[in-house]
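In: Predicted model follows, preceded by the sequence.
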Protein chains: 2
Amino acid sequence: MLTKKKQLLFQKQAEIAKAIAHPLRIAIVDFLKDGEQCVCDIAEYVGSERSNVSRHLAVMVKAGVLECRKEGLKVIYKLKTPCILDFFSCTAECLKQQLKDTEKLLSAL
Amino acid sequence: MLTKKKQLLFQKQAEIAKAIAHPLRIAIVDFLKDGEQCVCDIAEYVGSERSNVSRHLAVMVKAGVLECRKEGLKVIYKLKTPCILDFFSCTAECLKQQLKDTEKLLSAL
DNA sequence: TCATTATGTGAGTACATAATCACATAGTCA
DNA sequence: TGACTATGTGATTATGTACTCACATAATGA
C-alpha cells in the first residue's frame, strides 16, 4: 500500500510532468535548450499570443522547470533544470518503439 | 518559427508527458519498475477503484508507456519504455533545487 | 510628464479530464 | 450450463485547463 510520504512525492512529480505536458510548453523548453530568451521572442517562435505564453511560462516557473530574471523592460526565461531535456530522448525512444510496432503489424498483412 | 514537423513531434511528446502527469499514474509507473503486475494488484497498491485504474492504464498504453498481455482472467501490465524512469531522477533534481532555493530564502532572514 | 513597449492578470468561455456508479464482457471452473 | 472473478466501458457529474480579450503594471526614453 502507498505511504503518505510517497503520495506526496508522486503529487510533486506529477506537477512537474504536468508543467511540460503541453505541445506549446514542450516547444518552449526546446527553444530554451540553446539559451535564455525573452517572452516576446518565445511568443513569436511558438506562434501564440503573448498573454497565453506568459501564463504557460508562469506554470513552468511554479513547477521549478524554468527560472526568470528582469532585464530592463524584458523578462528573460531559461531552463532551471536542464535534465528535463533527457525526457525528450525518452519520448523519442517511445515513438521509435511505436513505429516498430506499426511496422510489425504491416509486415503481417 | 516552428515548423509543421516540429509541431507534430511536440504534440506526440506532450501526449507521452500527459500520460504520466498524474499522481496515480506516477504511482503505477513506480510500482511497475520492479516488474509486471495485474490490474487488481495495481488497484490495491494505489488505493483506487479498479475501473478508475483501468482507465488510467489504458491512457498509458495508448501513449506507449505501458504494454499489457492477457493471462487467464488477469491482464498483466508492464513498462514498455523503462527510460520513463529517468524522468523520476530529473524530478528529484527539480525538487532538490527547490529545497535549496527555500533554504537560501530562509538564511536571508 | 506622456507615449511607447514588454509583460502580467481578471473574467469569461469552451473544452478536457478524473472519478464514480452501474452494467457489460470474457475467462475459469464446478 | 451457471456462478464467479477480473477487467473494461457508457453515462454522468465535478473539476481543471487553455485560450482570448480587455485592461493593469512597470520600465524606458523623448
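Out: In hand now; what should we look at?
In: who's in contact with residue A:24?
Out: Counting by CB atoms under 8 Å, 6 or more residues apart in numbering or on different chains, residue A:24 touches A:46, A:48, A:52-53, A:56, B:10. To be clear about C-beta, it is placed using only N, CA and C from the backbone, and glycine gets the same treatment.
In: Taking these together, which two end up most distant?
Out: Farthest apart among the contacts of residue A:24 by CB to CB are A:52 and B:10. That separation is 15.5 Å.
In: show me what contacts residue A:6?
Out: For residue A:6, the contact set (CB under 8 Å, 6+ apart) comprises B:27, B:30.
In: do residue A:98 as well
Out: Residues near residue A:98 by CB under 8 Å, 6+ apart: residue B:64.
In: How many residues are close by residue A:97?
Out: 15 (other CB atoms under 10 Å in any protein chain shown).
In: next one: residue A:94
Out: Residue A:94 has 21 neighbours, counted by other CB under 10 Å.
In: thought it was touching residue B:63?
Out: Yes - with contacts counted by CB atoms under 8 Å, residue A:94 reaches residue B:63, the gap being 7.5 Å.
In: With adjacent residues omitted, what lies nearest to the residue nearest the centre of chain A?
Out: Per CA atoms, centre = their mean, the C-alpha nearest to the average position across chain A is that of residue A:20, at 3.1 Å. Leaving out its chain neighbours, the residue that sits closest to residue A:20 by CB to CB, 6 or more residues apart in numbering or on different chains is residue B:17, at 5.3 Å.
In: Secondary structure element holding the one you found?
Out: Per DSSP states H and E: residue B:17 is located in helix B:4-20.
In: just the contacts of residue A:24 now: which is nearest DNA strand D?
Out: Nearest to DNA strand D among the contacts of residue A:24 is residue A:52, at 4.0 Å by CB to the nearest atom of the strand.
In: Same question for the helix or strand containing the closest one: list its buried residues.
Out: Element membership of residue A:52, judged by DSSP H and E, is helix A:50-63. Buried residues in helix A:50-63, counted by 16 or more other CB atoms under 10 Å in any protein chain shown: A:53, A:56-57, A:59-60, A:63.
In: hmm, the next helix or strand after it touching DNA strand C?
Out: Following helix A:50-63 in sequence order, the next helix or strand is strand A:66-71 (DSSP H and E). Yes - Strand A:66-71 reaches DNA strand C (CB under 7 Å from any atom of the strand) through residue A:68.
In: State the distance from residue A:47 to residue B:7.
Out: Residue A:47 sits 9 Å away from residue B:7, going by CB to CB, to the nearest Å.
In: right, I mislabeled it, should have said residue A:45
Out: For residue A:45, the distance to residue B:7 - CB to CB - is 12 Å.
In: Need the overlap of contacts for these two.
Out: Contact criterion CB under 8 Å, 6+ apart; residues shared by residue A:45 and residue B:7: residue A:27.
In: Could you export the helix or strand of chain A with the lowest mean pLDDT as PDB, CA atoms only?
Out: Least confident helix or strand, chain A: helix A:86-107 with a mean of 91, by mean pLDDT, DSSP states H and E. What follows is helix A:86-107, C-alpha atoms only, in PDB (Å, rounded to 0.1, in the frame of the first residue of the first chain):
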ATOM      1  CA  ASP A  86      16.600  14.000 -21.000                       C
ATOM      2  CA  PHE A  87      12.900  13.400 -21.100                       C
ATOM      3  CA  PHE A  88      13.000  14.300 -24.800                       C
ATOM      4  CA  SER A  89      15.300  11.400 -25.600                       C
ATOM      5  CA  CYS A  90      13.000   9.100 -23.800                       C
ATOM      6  CA  THR A  91       9.900  10.200 -25.700                       C
ATOM      7  CA  ALA A  92      12.000   9.700 -28.900                       C
ATOM      8  CA  GLU A  93      12.500   6.100 -27.800                       C
ATOM      9  CA  CYS A  94       8.800   5.700 -27.100                       C
ATOM     10  CA  LEU A  95       8.000   7.000 -30.600                       C
ATOM     11  CA  LYS A  96      10.500   4.700 -32.300                       C
ATOM     12  CA  GLN A  97       9.100   1.800 -30.400                       C
ATOM     13  CA  GLN A  98       5.600   2.700 -31.600                       C
ATOM     14  CA  LEU A  99       6.900   2.900 -35.200                       C
ATOM     15  CA  LYS A 100       8.400  -0.600 -34.800                       C
ATOM     16  CA  ASP A 101       5.100  -2.000 -33.600                       C
ATOM     17  CA  THR A 102       3.300  -0.500 -36.600                       C
ATOM     18  CA  GLU A 103       5.900  -2.000 -39.000                       C
ATOM     19  CA  LYS A 104       5.400  -5.400 -37.400                       C
ATOM     20  CA  LEU A 105       1.600  -5.100 -37.900                       C
ATOM     21  CA  LEU A 106       2.000  -4.100 -41.500                       C
ATOM     22  CA  SER A 107       4.500  -6.900 -42.300                       C
END
